[in-house]
Structures are given as C-alpha cells and as structure tokens.
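Student: need a 3D model of the sequence below.
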Amino acid sequence: MVTFNRRLPRFAYVKPASLGEALDLLQDKEKGRVQVYAGGTDVIPRLKARLIPPPEFLLDLKGIPELDYIAYDKDKGLRIGALATIAAVMNHAAVQGSFGILAQGAHSIASTQIQNRGTIAGNICNAIPSADSVPALFCLGAKLICVSSRGERSIGIEDFFTGLRQTVLGPGELLKEIQIPDMPAGGRGVYIKLGTRSRMDLAVVGVGVVVAVSDGLFRDVRIGLGSAAPKPIRAPRAEAALRGQKVGEQAIAEAGRIAAEESSPRSSHRASAEYRRLMVEVLVKRALGQALKAEE
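Tutor: Below is the predicted model:
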C-alpha cells in the first residue's frame, strides 16, 4: 500500500501573547476564515488531509500563559484552563484525588505523546461523539466558560454540542476555562472505554457514571455516553430509573437496558449500530458495578 503524506496548505500564522490580543485578532478576522489551534493534534492532521478548508490564518494559543493552569479550592471547585494538557490534568493531585473519573477519561485518550501535547479543551471543542473526556465531564456537571470580545458566558457542557463536530461557539469565541464542582457527597465515578486497542483507538463506546448511595438506595446517579449518538449524550431516563431504588443487580440491569434504548448510535467501519447499542447496556451495568465497589 502506498501512503501519500500531503504538505500543509498555505496560511498565515499568528501567535498572540495574551488572551486580549487573541480576541482582538479574532474580532478583526471574524468575517474571514480562522482556525484556532491549541495542541494541534487533531487540527494539523485534518489540515494535511484536506478534511477541513485551509484557513486564512492559524491562530496559535500556546503563547498565552494565562490559559495554562489547573486550580482547585473548595469554594470554586476544579478549574482547568484552555491550555492545560491532557497529561497535566490526568496527573494533577486534585483530579486523581477527587475527580478520578476525569483522570480515567484523560488516561484513555490516545498515546502518551498526544496526551503531552493535546488539551482537554481541545478534546471538547473537536466535538466528536467518541471524545473520552466528555462522558466524565457530563457526569461531573462541568460548565464551560466561553469568551469573546463581547464578553464571557457560562455554558453547561450538555448544551455545548449541537451535532457531529458542531458546537454553540460563535464567531470570534473561545473556550477559556472548564469549571467542575465538587462531586456529590459520597459520589464515586468510573469511566470505561471500549476500543480495539484501548487508548490508541477512538472509543467504540465510552460510558461514564457517577453514583452516590445512602441507606442502601441510589441517591444520585449520572450517566454519560460517548459514541452512542451523533454527539455525546446523557441517559436521563436510566438515571431516573435508579434514583431512590434499592441497590441491586435488578435495578442496575434495568438501567443498562434503558440507557441502550436512549442511545442512537450509527454504524461505521469500527462497529455496527446494533453492536454499539448492546455495548452501551453492558458497559453501563459494568460501570455502575465498579462504582459501587469503589464505594464499599
């Protein structure tokens, strides 16, 4: 087999030194084609393959130190800047200690090289249904702080995606920060990825769950699904079916069945829609079981 490696198309390259400068550039170029670039692990290969139109200019965010941070306190929760790498998030003490489901999702993303270059914000903004960080962020109730020259707005992550590679980001708008509140009292989270080669492949199905139990009953349940619809989704009917129910195999099995019903996957070269739907049921049950064991 012969492989052809294309060169990058021609474009202007700009590397602003501050967020204000970046927003000014975006405002000036709103009517032209602009491609924002952080880690570049998705954008550059897609440009080479001509899967996206060549931009008039590439705006590199890597020179903006004010976007590169991970911070945690009890009042504000966890805050992740747009340039925080996947590896930095995965290895951060607060993430590993209190937000383990996010560490698991980050660990599932691609190779070590990609993890050290790519960003969690980029994983979100690519808006692909198989993004490994997103089911975890759904379960954690993350909010996205988006900024433009017109000001800031806060968007719940469930409202961020509008379709395959489509988001609510407007012209000249950037994802600035990811905000994550503390886990619910007694909450435990698990992310499970099904892939041919685990980290090195896109998720055939990805399932995140957060559960909190008291007095033998499910008190809080959150289920996020990846590669189960044209965009990442929650499984609200499955969550509702568990809340207030006695912890047991029957309740978990019913939640898995309902979650599969809520999914609407597509067939691709990686898996058929029918197989994906079956795996949603299996992995929801498995993730719930693992989360309950972690709570013991």
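
Student: tell me, how many residues neighbour residue 11?
Tutor: Using other Cβ atoms under 10 Å, residue 11 is surrounded by 15 other residues. In short, each C-beta sits where N, CA and C put it, glycine included.

Student: which stretches of the stretch 1-150 of the chain have low pLDDT?
Tutor: Applying pLDDT under 70 to the stretch 1-150 of the chain flags residues 1-5, 29-32.

Student: so where do the helices sit in it?
Tutor: Counting by DSSP state H, counting those that start in this stretch, the stretch 1-150 of the chain has helices at residues 19-28, 43-48, 86-91, 93-98, 100-107, 112-117, 120-125, 133-139.

Student: looking at these, which is nearest to residue 150?
Tutor: helix 19-28 (8.7 Å; Cβ to Cβ).

Student: name the residues that touch the closest one?
Tutor: Residues outside helix 19-28 that contact it (Cβ atoms under 8 Å, 6 or more residues apart in numbering): 14, 16, 34, 36, 59, 61, 64, 66-67, 147-149, 171-174, 176.

Student: how about the helices of the stretch 1-150 of the chain, which one is nearest residue 205?
Tutor: helix 133-139 (9.8 Å).

Student: would you mind writing the CA trace of the closest one as PDB?
Tutor: C-alpha atoms of helix 133-139 as PDB (Å, rounded to 0.1, in the frame of the first residue of the first chain):
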ATOM      1  CA  SER A 133     -13.100  13.300  28.500                       C
ATOM      2  CA  VAL A 134     -16.700  14.300  27.700                       C
ATOM      3  CA  PRO A 135     -18.800  11.500  29.400                       C
ATOM      4  CA  ALA A 136     -16.800  12.100  32.600                       C
ATOM      5  CA  LEU A 137     -17.400  15.900  32.300                       C
ATOM      6  CA  PHE A 138     -21.100  15.200  31.800                       C
ATOM      7  CA  CYS A 139     -21.200  13.200  35.000                       C
END
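
Student: please compute how far that helix lies from its chain's middle.
Tutor: Helix 133-139 sits 6 Å away from the centroid of its parent chain (Cα atoms, centre = their mean, to the nearest Å).

Student: helices or strands up against that helix?
Tutor: Counting contacts by 3 or more Cβ pairs under 8 Å, 6 or more residues apart in numbering; DSSP states H and E, helix 133-139 packs against helix 100-107, helix 120-125, strand 188-194, strand 205-214, strand 217-226.

Student: could I get these as TSV with mean neighbour count and distance to residue 274?
Tutor: TSV is the format used below for those (neighbours: other Cβ atoms under 10 Å; distance: least, Cβ to Cβ, whole Å):
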stretch	mean neighbour count	distance to residue 274
helix 100-107	24	25
helix 120-125	26	27
strand 188-194	24	14
strand 205-214	26	12
strand 217-226	24	16
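
Student: pick the most deeply packed of the helices of the stretch 1-150 of the chain.
Tutor: helix 133-139 (a mean of 29; mean count of other Cβ atoms under 10 Å).

Student: let me know whether residue 184 touches residue 212 as I believe.
Tutor: Yes. Under the criterion of Cβ atoms under 8 Å, residue 184 makes contact with residue 212 at 4.6 Å.

Student: where do the contact lists of these two overlap?
Tutor: The contact lists of residue 184 and residue 212 share 219, 220, where a contact means Cβ under 8 Å, 6+ apart.

Student: tell me the mean pLDDT for the lengthiest helix in the chain?
Tutor: The residue-count maximum for a helix in the chain (DSSP state H) belongs to helix 273-295. Confidence over helix 273-295 (mean pLDDT, whole number) is 95.
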